[in-house]
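[1] Provide a 3D model corresponding to the input given below.
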Amino acid sequence: MSPLPKNPLRPGKRGTETTSPEQLSERQRRIVWRIAALLLDYPTRQTLDLLEDMAAAAGSVPAPAGPALVSFVDSARRTSPMELAAHYVETFDLRRRSCLHLSYYAYGDTRKRGMALLRFKHAYKAAGVALGDHELPDHLAVVLEFAAGVDPTSGRRLLLEYRPVVELLRLSLVDSGSAYAHVLGAVCATLPELGTADRRRIAELAAQGPPEEEVGLEPFAMDPLTMEPTAQAEMGGRR
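    Next up, the predicted model:
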């Protein structure tokens, strides 16, 4: 992919004015979350065919979130599908510090992480969402899709709970020079500013890294909490 500019949240053609997270409308936040959910999933042909539409939708969102998404889309459109797919795998599947599973940063593959995964599943079930039993529910793309299209309140609550992790992921992508830092920057621009406790937690997570594996996650990863096939909505497809 094209190299990451020095400032992935630089203002675009809109000028130097930026909009704070509190000033974004719910519609604008949901647009950002929906586009980010698509971009943070594995780049299939179906997703790539939507890049032009994503750029148009992102154009309705003020800086810094909108221009950040447009920057990534522009980079993706200049990249061959094979190269983009390889970059995705290298970035998110082969690097522990840029894993898209939110609870992994705090708990690694431990029993505590299994309980955290159940919390995500409970939130989805309460909203009538059927989650595929082959995937873990803390994948950032799944959380963003849930927040954008199903339950913005519960989805935002999950994002806020893992706010330090989302910021740490953004910083990791900036450090590695990945254009995906644009996408994480856009997501962060929809969330409140980091507080002192958040910054302390980020420093702890960065210093310690994910805990080493203690137990398997099979009972938690495969348990769909008896989500009925007749649920109001269905989410799936993330690895």
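[2] Geometric centre of this structure: which residue is closest?
    L140 (3.5 Å; C-alpha atoms, centre = their mean).
[3] shouldn't that one be in contact with L100?
    Yes. Contact criterion C-beta atoms under 8 Å: L140 and L100 qualify, at 4.7 Å. From N, CA and C alone the C-beta is placed, and that goes for glycine too.
[4] shared neighbours, these two?
    Shared contacts of L140 and L100 (C-beta atoms under 8 Å, 6 or more residues apart in numbering): 40, 169.
[5] what sits against the residue nearest to the centre of the chain?
    40, 100-102, 166, 169, 187.
[6] next one: S176
    S176 neighbours (C-beta under 8 Å, 6+ apart): 91, 95, 98.
[7] out of those residues, which are buried?
    Neighbour counting by 16 or more other C-beta atoms under 10 Å classes 91, 98 among those as buried.
[8] From the contacts of S176, which one has the minimum pLDDT?
    Looking at the contacts of S176 by pLDDT, the weakest one is R95, with 82.
[9] picking up where we left off before, from the contacts of L140, which is closest to R29?
    Checking those against R29 by C-beta to C-beta gives V187 as the nearest, at 9.7 Å.
[10] Not including adjacent chain positions, what is the nearest residue to that closest one?
    Distances taken as C-beta to C-beta, 6 or more residues apart in numbering place A36 nearest to V187, at 5.1 Å, with adjacent residues excluded.
[11] that older thread, among the contacts of S176, which are in helices?
    Judged by DSSP state H, helices contain none of these.
[12] Let me have the contacts of S176 in TSV, adding distance to L24 as columns.
    Shown next, in TSV, are the contacts of S176 (distance: C-beta to C-beta, whole Å):
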residue	distance to L24
T91	27
R95	30
S98	26
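[13] With only the CA atoms kept, save the lengthiest helix in the chain in CSV.
    Using DSSP H to define each element, the chain has its longest helix at helix 111-126. This file holds the C-alpha atoms of helix 111-126, laid out as CSV (Å, rounded to 0.1, in the frame of the first residue of the first chain):
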residue,chain,number,x,y,z
ARG,A,111,-9.7,-17.6,31.0
LYS,A,112,-10.3,-13.9,31.8
ARG,A,113,-10.6,-13.2,28.2
GLY,A,114,-13.2,-15.9,27.8
MET,A,115,-15.4,-14.0,30.3
ALA,A,116,-14.8,-10.8,28.4
LEU,A,117,-16.0,-12.4,25.2
LEU,A,118,-19.2,-13.5,26.9
ARG,A,119,-19.8,-9.8,27.8
PHE,A,120,-19.7,-8.9,24.1
LYS,A,121,-22.0,-11.8,23.3
HIS,A,122,-24.5,-10.8,26.0
ALA,A,123,-24.6,-7.3,24.5
TYR,A,124,-25.3,-8.6,21.0
LYS,A,125,-28.0,-11.1,22.3
ALA,A,126,-29.8,-8.3,24.2
